[in-house]
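**Student:** build me a structure from this.
(6 chains)
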4 protein chains.
Amino acid sequence: MQVTDGRSLAAQARRAQIVDAAIEVIAAAGFAQCSFGRIAKHAGLSSTRLISYHFEDKSELIQAVVDTVLGEATRYVQPRIAAAADRRAALAAYVTSNLEFVRDHPTRVRALVEIFAGARNDDRLTTSDTPRAVAIEFFRAGQQEGVFRRFDPEVMATVLRAAIDAVAMRPDVDHAAYAVELVELFDRVTRADPAPDTGAPRPAHADPGAEPQHPRRAADRGTERTGR
Amino acid sequence: MQVTDGRSLAAQARRAQIVDAAIEVIAAAGFAQCSFGRIAKHAGLSSTRLISYHFEDKSELIQAVVDTVLGEATRYVQPRIAAAADRRAALAAYVTSNLEFVRDHPTRVRALVEIFAGARNDDRLTTSDTPRAVAIEFFRAGQQEGVFRRFDPEVMATVLRAAIDAVAMRPDVDHAAYAVELVELFDRVTRADPAPDTGAPRPAHADPGAEPQHPRRAADRGTERTGR
Amino acid sequence: MQVTDGRSLAAQARRAQIVDAAIEVIAAAGFAQCSFGRIAKHAGLSSTRLISYHFEDKSELIQAVVDTVLGEATRYVQPRIAAAADRRAALAAYVTSNLEFVRDHPTRVRALVEIFAGARNDDRLTTSDTPRAVAIEFFRAGQQEGVFRRFDPEVMATVLRAAIDAVAMRPDVDHAAYAVELVELFDRVTRADPAPDTGAPRPAHADPGAEPQHPRRAADRGTERTGR
Amino acid sequence: MQVTDGRSLAAQARRAQIVDAAIEVIAAAGFAQCSFGRIAKHAGLSSTRLISYHFEDKSELIQAVVDTVLGEATRYVQPRIAAAADRRAALAAYVTSNLEFVRDHPTRVRALVEIFAGARNDDRLTTSDTPRAVAIEFFRAGQQEGVFRRFDPEVMATVLRAAIDAVAMRPDVDHAAYAVELVELFDRVTRADPAPDTGAPRPAHADPGAEPQHPRRAADRGTERTGR
DNA sequence: TATGAATGAGTGTTCATTCAT
DNA sequence: GATGAATGAACACTCATTCAT
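**Tutor:** A predicted model of the protein is given here:
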C-alpha cells in the first residue's frame, strides 16, 4: 500500500475514475443532473456508496473535478505562454492554446464551465487561482509595460474568459477559425494606439501621464501588423 | 371576470406573481434549485398545487419567465437602438442600454442567464428570437453597410453576448464604468480600418455626425476588404 | 326548459356528451386512467367542474356509462333473440348479435368490459340485470324445455360471457369468423345428447329423473346437424 | 453475503416479501389501486423507499409479480399435463390442474388476472410465454394428431383461458364442480366427430385407454374435415 | 477497501372535490 | 347552466447520506 499525498495508489486511481465519470456526466447532462446515482451508473459501480466512501461529500467531488481540469488546462497553456517572444505574442498564445485545449478536451472544459455556471456560493468551491484572476494580472502587467493601451483589466479579463468559455458550450464551432478571429479581436482591442506622428492631442482615454510607450516597440508592432 | 388573451385578470395576476417569485428564486439559488416548493414558500402560497394549477408544466413556467424578462429587455433596448443616428451609435446604444437594463433589473437578468446556462435541450425552451441571433444579424448588416470591418459575425456576437451576460453574474461590478469600457472595446474591434491611401490623421473616435457614411465609401472599403 | 326524467334537455345532452367522452377515454386508456381531467380534455371542456356539476361524483358517471351501453346492447340483442324460431336458434342469435354489437361498437363494449374488470365493490355499481344473470336464466329455461343437455347453467353462462367479452379486448379479431366458431362451439356444448338407439345406460351426468327429452325434437336436431 | 442470480439472499427475501405484499394488495384492491404506499403499509415497511430501492421501477415490480405467479402456476400445471396418457387426458389435466391452482392460490391468480386486465401496452409487460399462446399451440398439436376436431385454435384458446380466468374473479365458486363441468365442456367441444360410415354405437365418453389413436384414423378424419 | 441495505426529505405531477360566483 | 380558482392528498421517483458489515 504505497502512499502519496496521504492516499494509496489504489484509492488515487479510484478517485480518478470517479472524477472522470463525473466529468462525463456533467458535460453530457449538466451540473444539476450530476448525482451520485448517475455517476455510479456511468462508471459501472454497483452502488453510490463507493463515491461517498472516497469523497467526504458531493462538494469535495466537485472540487476534485475543478482541480483536476484546471490543473490540466494550466499545464497545457502555461508553457505556451512562457514560450512567447513578447507579451502580445503571449496574448495570442493564451487565446490559441486555450482554444486548443477546448478543442482537444471539450468534455472536460464543458464540465468546468457547467460547474462554474451552476455552482453557488454555499457549494464552497475554492478556486484560489481562477482563470479570470490570472488574466487580470496578465493585462495589468502588459499595461505597465506599455504594450497594452489603457483599459480596465477586469473588464477585459471578463470578456476574454467569457469569450473562451462560450466556445466550450457551442459544440458546432470551428475551433481554428474561432481562434484566428479571437486572436485578431483581442489584439486589436488591447494594443496601444500608435504614437501620434503629429503634435495633435492624444485621445482622451489614453492617459498621457502614464508610462510612455516606447516608439520603437510601437513601430515594431506597426510593421508586424502591416505584414499580416 | 374580464378576460384578455384567454386568461382572466385574476389568473394573469397570479401567474405574474408566480413568475416573479420564480425569478427571485432562480436568481438567488440557481436554476437547479428552483423547485415548486421553493417558489411557493417564497411567494407565500399555501401549496405548490397553485403553481401547477396555473402552469401546465414546470417548463411552461420557465418559458413564462424567459418570455417575460426577454420581453421587458427588448422593450427597453430596442427603442434606444432605433433612436441612434447610425449603426455605430446603435452598437454603443445596444451595449449601453443592455447594461442599463442589467443594472436596473439585475435579478431578472440573472434569472435569465441562469436559465439559459442550466437548461438542456430536452427542456424544450423556445426562444425564436434569441439575443445572440439578433446580434449576429446586427453585425452582418453593419458589414454590408461598410461600417464594420470584416470579422465573423457569429464570433463577434458570441463575444458581445458573453460579455454582457457576464456582468449580470458579477454583482459587484460598476455598471457605468463597465458600460464605457465595453462601448469603447466593441467600437474598436468592429470599426472598419481607415482607408490606407491618405496620410491624413484619423480621429480616435469617428464622430458619426461629422462623417456621414456615403455608399461610395462603403464600396471603397469593400474592395479594401477583398484585398485582405 | 323542457324537462324529462327530472332533467332538462340541455342537461341531458351535456350528460350524454360527457358519457361519450368517458367511454372513449376508458376504451383508449383503460378504466384506471379515466380521470375527470382526461375526460374534460377529451371532450374539449375548459374545466372538470362541468363534469362534477352534472354528476354527483365519479361513480355516478361510471354508472351512467354502464347503463347507457348496457341499454344499447340490450336494445340491439333482445329483438334478435325474440325473433328466433326456437331456443337453439335463440342461442345462435344471442352469440351472433352480441358479436355484431361488439363489431359495430367496439369502443363502447371495450369501455364496459374495462369497467367490469376494473371496478371494485366499493365503487357501488348497481347492475341489477347483469348479462351473466340473463344468460343463466336462458340456459336454465332451455334445460327445462329439454333442448339443452344437463350442465351447470352458471358455469355455462360464465363461459359464454367470458368468451364474448374477450373478443372486445382483442381488436385484431375477425368478428364474422369468430361468431361462426362460437355459435358452433356453444351449439355443440349445450345440445342435448341424441336419444340412445340402444337400451344402453345414459351417461352418468345426464340425470334420467329430469324432464325427459322429446324424441321428436331431438331427432329434428339430429337431421339438422347432419345437414350442416 | 451468499449470492445467487446476482442478488444476495437478504435482497431476494426482501423482494419476495414485497412481491407477496403487492399480490395481496392487487388481489384485494385491484391493479389500479396498487401503489407503493399501499404495498408498504400492507407489508409493514417504514417507507416506500424500500420498494424503489429493491425494484428499479414500478413496472419491474409488476413484472416480478407476473413472473413469480406464472412460474408457480407453470410448475404446478406442467407435470400434470405431462403425466396424462394422451392429449385428451392432457386437456382434462390442463383444466383440472389450472382450477386446482386457482383454488389453492386464489389471491395470486386474481392478482395475475387483474394485472393482465389492467395493464396497458405502454406498461411494457414481457410475457414471452403467455398462457393463451401455450393453449393455442396445444390445440393445434391435438388437431394435427387428429384427436381434436377442426376449430379455430385461437378462438378455442381464448375461450378456454377466459373460462379459467373468470373463476378466479368469482370467489364464491365451487371449484370442484366447476372443474368437472369445464372438463366435460371442453371435451365435448374439442373431440373429433365419430366416423359417420359405421352405425356402431359410440361411447359418450371416449375412453382414451380403450381406443388407441391410430395414424390411419387420424387420416380418415382429415379427409372428413376436408369435406366440410 | 469496498458494498448492500436502508431511509427521510423532496421532486413534479395528478387526483376528485369544494368554494364562490 | 356553467365556470375559474383553489386545495390537500396521493402518486412514482430521485436525492445524498448513514448503518453495519
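
**Student:** list the contacts of stretch A:78-86.
**Tutor:** Applying CB atoms under 8 Å, 6 or more residues apart in numbering or on different chains, the contact partners of stretch A:78-86 are A:90, A:92-94, A:96-97, A:147. To be clear about C-beta, it is placed using only N, CA and C from the backbone, and glycine gets the same treatment.

**Student:** how about a cut-off of 10 Å?
**Tutor:** For stretch A:78-86, contacts defined as CB atoms under 10 Å, 6 or more residues apart in numbering or on different chains pick out A:87, A:89-94, A:96-98, A:100-101, A:134, A:138, A:142, A:145, A:147, A:217, A:220-221, A:224.

**Student:** for chain A, give me the ranges with low pLDDT.
**Tutor:** Across chain A, the ranges flagged by pLDDT under 70 are A:1-5, A:121-124, A:127-129, A:195-228.

**Student:** ranges for the helices of it?
**Tutor:** Assigned by DSSP state H, the helices in chain A fall at A:9-29, A:36-43, A:49-54, A:58-82, A:87-104, A:106-118, A:131-144, A:153-168, A:175-190, A:215-227.

**Student:** just to revisit the earlier point, buried ones only from the contacts of stretch A:78-86, please, as a ChimeraX command.
**Tutor:** Selection command for ChimeraX covering only the buried members of those, criterion 16 or more other CB atoms under 10 Å in any protein chain shown:
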select /A:87,90,91,92,93,94,96,97,98,100,101,134,138,142,145,147,221
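
**Student:** that older thread, distance to residue C:41 for the helices of chain A - can I get that in TSV?
**Tutor:** Output for those, formatted as TSV (distance: least, CB to CB, whole Å):
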stretch	distance to residue C:41
helix A:9-29	32
helix A:36-43	34
helix A:49-54	43
helix A:58-82	41
helix A:87-104	47
helix A:106-118	36
helix A:131-144	51
helix A:153-168	42
helix A:175-190	48
helix A:215-227	67
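
**Student:** who touches the residue sitting nearest the centre point of chain A in this structure?
**Tutor:** Central residue of chain A (CA atoms, centre = their mean): residue A:131, 4.8 Å from the mean position. Residues in contact with residue A:131 (CB under 10 Å, 6+ apart) are A:70, A:73-74, A:77, A:98, A:112, A:116, A:157, A:160-161, A:164-165.

**Student:** go with 7 Å
**Tutor:** Residue A:131 makes contacts with residue A:161, as judged by CB atoms under 7 Å, 6 or more residues apart in numbering or on different chains.

**Student:** how much space separates it from DNA strand F?
**Tutor:** Distance, residue A:131 to DNA strand F, by CB to the nearest atom of the strand, to the nearest Å: 26 Å.

**Student:** and residue A:143, by the same measure?
**Tutor:** For residue A:143, the distance to DNA strand F - CB to the nearest atom of the strand - is 44 Å.

**Student:** got the residues of chain A near chain B?
**Tutor:** Counting by CB under 7 Å from any CB of the partner chain, chain A comes close to chain B at A:30-32, A:117-118, A:120, A:151-152, A:155, A:158-159, A:162-163, A:166, A:177-178, A:181-182, A:185, A:188-189, A:193, A:198, A:200, A:203, A:205.

**Student:** out of those, which end up buried?
**Tutor:** Buried among the residues of chain A next to chain B by 16+ other CB under 10 Å: A:30-32, A:117-118, A:151-152, A:155, A:158-159, A:162-163, A:166, A:178, A:181-182, A:185, A:188-189.

**Student:** ok, which of the residues you listed also contact chain C?
**Tutor:** Restricting those to those near chain C - CB under 7 Å from any CB - leaves none.

**Student:** and the residues you listed near DNA strand F, which?
**Tutor:** Applying CB under 7 Å from any atom of the strand to these, one finds that nothing falls near DNA strand F.

**Student:** just give the nearest non-adjacent residue to residue A:133, would you?
**Tutor:** Leaving aside its sequence neighbours, residue A:133 sits nearest to residue A:157 (CB to CB, 6 or more residues apart in numbering or on different chains; 7.9 Å).

**Student:** no further queries at this time; thank you.
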